[in-house]
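Trainee: okay, sequence plus prediction incoming.
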Amino acid sequence: MPAHLIHVPDMRLVDRDEVFNMYKPVVEAITEDELKKFLGSSRQETLHKVLRDKVKFATLSHRWLDTGEPTFQDMSESQKDMSKNLAGYDKLTKFCEKAGEYDCELAWSDTCCINKDSSAELDEAIQAMFNWYRTAAICIAYLASSSSASDFTQEPWFTRGWTLQELLAPEKMKFYGQNWEPLSDDPDDKHPTALATTPDDEISTPITPSQPDILSSITRLTDIEPRDLISFSRGIDNVHQRLRWASRRTTTRIEDMAYSLIGIFDVSMPITYGEGQRSWFRLMEIILQRCKSWEIFVWAGEWSPYSSAIPRSPKGYDAFDIHSSTELSKTLDMGKVEGIVGETPPGLRGDHAFAMTRHGLQMKLPLLDVVFDRPNQSATIHARTPGYLGRSKPRNISVRVTCRQRESKAEIYRLGIVNYSPSGLAGRNREYEIREGPLLCFFFILDPNDRSWLRLQTENVILIDHKGTPVQCGCSFETVYI
């Protein structure tokens with residue numbers, strides 16, 4: 001339950017204690033027979049379901065106006081009359097009217113229901129906001145620039161960072177467009193009439209454009225599948241896909257690009273406005289510690305100022321769609337378990353025990369010898385087919401590497417395989433056998449000053465996609481700091 005809510009009948013802010021007192025008689029009147037109607041896995045879950053049914057509140061999802069949104073202070077009793085002159089007050093009033101139509105006496109808006117002068121309340125709101133949207137009786141989404149689903153491609157609501165969470169979290173959602181006209185005839189756009197008889201196992205398939213509902217339009221625009229729109233499960237699963245969703249959105253404050261994803265990934269981190277880019281680095285550090293797939297490294301472009309293992313923003317993940325390569329998806333399982341850096345259990349790929357240290361991301365990789373052709377932006381691996389007594393044949397492999405970065409005159413390059421197979425290492429780890437299946441790589445150059453490997457920034461995701469007979473090439477199996 002949020003710290004503050006709007007009491008819809010009189011457009012007045014109320015706190016948790018007042019809400020408790022308002023609904024105390026209703027809660028105390030709950031009988032055992034009523035509890036039996038709300039089956040849960042435990043009595044606590046059953047009580048939670050009953051309380052959600054008795055104490056209903058609606059949430060608002062919208063794009064903020066440049067100025068004139070009523071704040072917490074504006075909605076205080078002393079300023080309430082003046083707040084009615086603000087440009088955003090009419091929107092707030094319309095929202096509360098719609099909330100009332102859904103039998104909600106309480107409503108929550110991020111404009112006025114958070115006392116942003118209280119760092120503790122702001123921190124709580126950001127950490128708990130996903131849950132508030134999830135447990136609301138209805139989420140009212142106001143798309144001010146749309147008169148129908150055909151306008152969604154020009155709708156700013158779909159470009160904002162916070163509205164991604166507000167799209168995924170609610171169990172029930174209703175979209176309104178210009179002049180607060182409903183954009184469909186369904187009372188709940190997440191469960192349209194067209195899907196009422198659709199089996200659960202068919203929801204994972206994209207809705208065809210012929211189906212006249214909101215979900216099909218959103219899926220085509222965002223690439224978010226209907227299953228995620230209807231029943232999104234928060235967490236670190238499908239991390240690359242979720243970061244690609246975020247890559248197409250922007251936030252006014254740089255820190256909000258990270259904070260708006262806290263609920264989606266189900267992580268917790270301190271809220272510190274003013275830290276700038278470091279907020280994104282901190283979020284990615286947490287995700288790296290929990291992620292169990294090498295897809296977390298499938299990105300390209302600018303680095304974070306704090307680590308070359310982390311992109312500067314989620315936009316780096318828009319460089320490649322792993323779902324477009326079924327074969328790559330099969331080789332990205334990390335199987336991360338506790339262990340020693342460089343030790344990989346049989347059947348798993350890569351250094352599953354990598355660690356973020358004060359020197360950077362510590363990881364042990366096979367570094368393949370390559371020749372980099374800068375004008376053609378490609379790296380060549382001088383390999384050979386396996387054989388004995390002179391039967392081995394040269395077989396060069398060309399890999400696209402779009403790299404404009406220059407580090408030194410003495411340019412010695414390597415490709416480091418992230419999702420390597422331990423069984424591919426041979427010859428006392430001085431050779432690596434490249435088999436079928438895409439291999440995700442980092443691009444390195446040897447620093448002539450301290451003879452360490454430096455990762456270079458590339459504009460593409462580097463993949464060795466070899467087909468046919470396995471080939472062997474020279475390598476060194478080393479610990480690098482990225």
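Mentor: Arrived safely, thanks for sending.

Trainee: which stretches in the stretch 201-350 of the chain count as helices?
Mentor: 214-222, 226-231, 239-247, 256-259, 262-265, 278-290, 326-330 (DSSP state H, counting those that start in this stretch).

Trainee: so how far is the fifth one off the chain centroid?
Mentor: Going back to what we said before, that points to helix 262-265. Centre-to-centre, helix 262-265 and its host chain are 7 Å apart (C-alpha atoms, centre = their mean, to the nearest Å).

Trainee: quick check: mean pLDDT across that helix?
Mentor: When pLDDT is averaged over helix 262-265, the result is 98.

Trainee: cool, and the first one?
Mentor: Here the mean pLDDT over helix 214-222 is 94, rounded to a whole number.

Trainee: and the contacts of that helix?
Mentor: 149-150, 152-153, 158, 167, 175, 183-184, 186, 189-190, 192, 195, 206-209, 224-226, 229-230, 245, 248 (C-beta atoms under 8 Å, 6 or more residues apart in numbering). All C-beta atoms are positioned from the backbone trio N, CA, C, and that covers glycine.

Trainee: relative to helix 239-247, how tilted is it?
Mentor: In terms of direction (axes from the mean of the first three to the mean of the last three C-alpha atoms, to 10 degrees), helix 214-222 departs from helix 239-247 by 90 degrees.

Trainee: for helix 214-222, buried residues please.
Mentor: For helix 214-222, the neighbour count (16 or more other C-beta atoms under 10 Å) marks 214, 215, 216, 217, 218, 219, 222 as buried.

Trainee: can you check the last one too?
Mentor: Residues of helix 326-330 classed as buried: 328, 329 (neighbour count, 16+ other C-beta under 10 Å).

Trainee: alpha carbons of it, as CSV, please.
Mentor: Output of helix 326-330 as CSV, limited to C-alpha atoms (Å, rounded to 0.1, in the frame of the first residue of the first chain):
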residue,chain,number,x,y,z
THR,A,326,18.5,-19.7,-32.5
GLU,A,327,22.0,-21.3,-32.6
LEU,A,328,23.5,-18.5,-30.5
SER,A,329,20.8,-18.7,-27.9
LYS,A,330,21.7,-22.4,-27.4
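
Trainee: out of the contacts of helix 214-222, which are buried?
Mentor: By neighbour count, with 16+ other C-beta under 10 Å, these hold 149, 152, 158, 167, 175, 183-184, 186, 189-190, 192, 195, 207, 224-226, 229-230, 245, 248 as buried.

Trainee: which ones among the residues you listed are found in strands?
Mentor: Among the buried ones among the contacts of helix 214-222, DSSP state E puts residue 175 in strands.

Trainee: which phi and psi does residue 475 have?
Mentor: Main-chain torsions, residue 475, degrees, to the nearest 10: phi -160, psi 170.

Trainee: same question but for residue 441, I mixed them up
Mentor: phi -130, psi 150.

Trainee: same check on residue 107?
Mentor: phi -150, psi 150.

Trainee: what of the one 10 residues further on?
Mentor: In this entry, residue 117 is assigned phi and psi values of phi -80, psi -20 (degrees, to the nearest 10).

Trainee: do residue 476 as well
Mentor: As for residue 476, its main-chain torsions (degrees, to the nearest 10) stand at phi -130, psi 140.

Trainee: how close does residue 62 get to residue 143?
Mentor: Counting by C-beta to C-beta, to the nearest Å, the gap from residue 62 to residue 143 is 8 Å.

Trainee: please read the previous query as pertaining to residue 113.
Mentor: Using C-beta to C-beta, residue 113 is found at 21 Å from residue 143.

Trainee: residue 153 now?
Mentor: With distances taken as C-beta to C-beta, residue 153 is found 12 Å from residue 143.

Trainee: what's the overlap in contacts for those two?
Mentor: Among the neighbours of residue 153, none is also in contact with residue 143 (C-beta under 8 Å, 6+ apart).

Trainee: ok, which stretches of the stretch 51-200 of the chain are helices?
Mentor: 80-83, 89-101, 119-135, 162-168.

Trainee: can I get the CA coordinates of the shortest one in PDB?
Mentor: Backbone C-alpha positions of helix 80-83 (Å, rounded to 0.1, in the frame of the first residue of the first chain) are rendered in PDB as follows:
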ATOM      1  CA  LYS A  80      -5.600  22.600  -2.600                       C
ATOM      2  CA  ASP A  81      -7.700  25.400  -3.900                       C
ATOM      3  CA  MET A  82      -4.800  26.900  -5.800                       C
ATOM      4  CA  SER A  83      -3.800  23.500  -7.200                       C
END
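
Trainee: just the strands in the stretch 351-482 of the chain please.
Mentor: Along the stretch 351-482 of the chain, the stretches classed as strands by DSSP state E, counting those that start in this stretch are 355-357, 360-373, 378-384, 394-400, 413-417, 425-426, 431-434, 439-446, 453-455, 462-464, 471-481.

Trainee: do you know which of those lies nearest residue 293?
Mentor: The closest of those to residue 293 is strand 439-446. By C-beta to C-beta, the value is 10.8 Å.

Trainee: remind me what that closest one packs against, helices and strands.
Mentor: Under the contact definition 3 or more C-beta pairs under 8 Å, 6 or more residues apart in numbering; DSSP states H and E, strand 439-446 sits against strand 360-373, strand 413-417, strand 453-455, strand 462-464.

Trainee: adding distance to residue 58, mean pLDDT and mean neighbour count, write those strands out as CSV.
Mentor: As requested, these are exported to CSV (distance: least, C-beta to C-beta, whole Å; pLDDT from 0 to 100; neighbours: other C-beta atoms under 10 Å):
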stretch, distance to residue 58, mean pLDDT, mean neighbour count
strand 360-373, 44, 94, 21
strand 413-417, 51, 96, 23
strand 453-455, 48, 93, 20
strand 462-464, 47, 95, 19
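
Trainee: same list (these) but as TSV, adding distance to residue 117.
Mentor: TSV is the format used below for those (distance: least, C-beta to C-beta, whole Å):
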stretch	distance to residue 117
strand 360-373	39
strand 413-417	49
strand 453-455	43
strand 462-464	48
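
Trainee: thanks again, I'm all set now.
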